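S.K.: Okay, here's the prediction I keep looking at, along with the sequence it came from:
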Amino acid sequence: MSASRICVGAVAGAYGVRGEVRLKSFCAEPRALADYGPLWSEDGTRSFEVSLGAQVAQGFAAWLSGVQTRAQAEGLRGMRLYAERTRLPALPDDEFYHADLIGLEVFDTGGVSLGRVKAVLNHGASDLLELVKPGQAGAVLLPFTRAIVPTVDLAAGRIIADPPEGLTE
């Protein structure tokens, strides 16, 4: 995926029989998803205009341009949708797009590398940075809070963390 696009949602499946999809928004303001269009498939080969309908379990009923049947909608299940970065709002200094954090190296306050950010996860409570270190089996989940991650330096491509004792061992 191009660095000029950010993942803003995903198709969770078909909704109804007239080509509607159930769309999950990854935006801070979930309804803003439709404002960032057109939205693109991950490979960049398809684009969609989006019209949101009612809020449904885990997302919205939505219409995507060019999708007219339930079978077409079902065929899009799992597709992540991307918006051009230029269409997204600018963020305050203490907020980040997940895509900007992936790949950054994380150091502890003493300068020791803890690994690289493989993914940013959120299972309800708060964001977690999934860190991987070459030659080390498994991953470490680091809570992405100001207390544990006091510094994110996008320009330098690094994060400074102060994890609780024993978390990264």
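M.R.: Ah, there it is.
S.K.: how about the strands in this protein?
M.R.: With DSSP state E as the criterion, the chain has strands at 5-14, 21-25, 39-41, 47-48, 50-56, 59-64, 80-84, 105-108, 113-122, 127-132, 140-143, 151-153, 158-161.
S.K.: which residues are contacting the longest helix along the chain?
M.R.: As assigned by DSSP state H, the longest helix anywhere in the chain is helix 70-75. Helix 70-75 is contacted by residues 11, 13-21, 64, 66-67 when judged by CB atoms under 8 Å, 6 or more residues apart in numbering. From N, CA and C alone the C-beta is placed, and that goes for glycine too.
S.K.: That one: which residues count as buried?
M.R.: Residues Arg70, Ala73 are the ones in helix 70-75 that count as buried (16 or more other CB atoms under 10 Å).
S.K.: Need the CA coordinates for that helix. PDB is fine.
M.R.: The C-alpha atoms that make up helix 70-75 are tabulated as PDB, following Å, rounded to 0.1, in the frame of the first residue of the first chain:
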ATOM      1  CA  ARG A  70     -25.600  -9.300  -2.200                       C
ATOM      2  CA  ALA A  71     -23.200 -11.600  -4.000                       C
ATOM      3  CA  GLN A  72     -21.000  -8.600  -5.000                       C
ATOM      4  CA  ALA A  73     -21.200  -7.300  -1.400                       C
ATOM      5  CA  GLU A  74     -20.300 -10.600   0.100                       C
ATOM      6  CA  GLY A  75     -17.300 -10.900  -2.300                       C
END
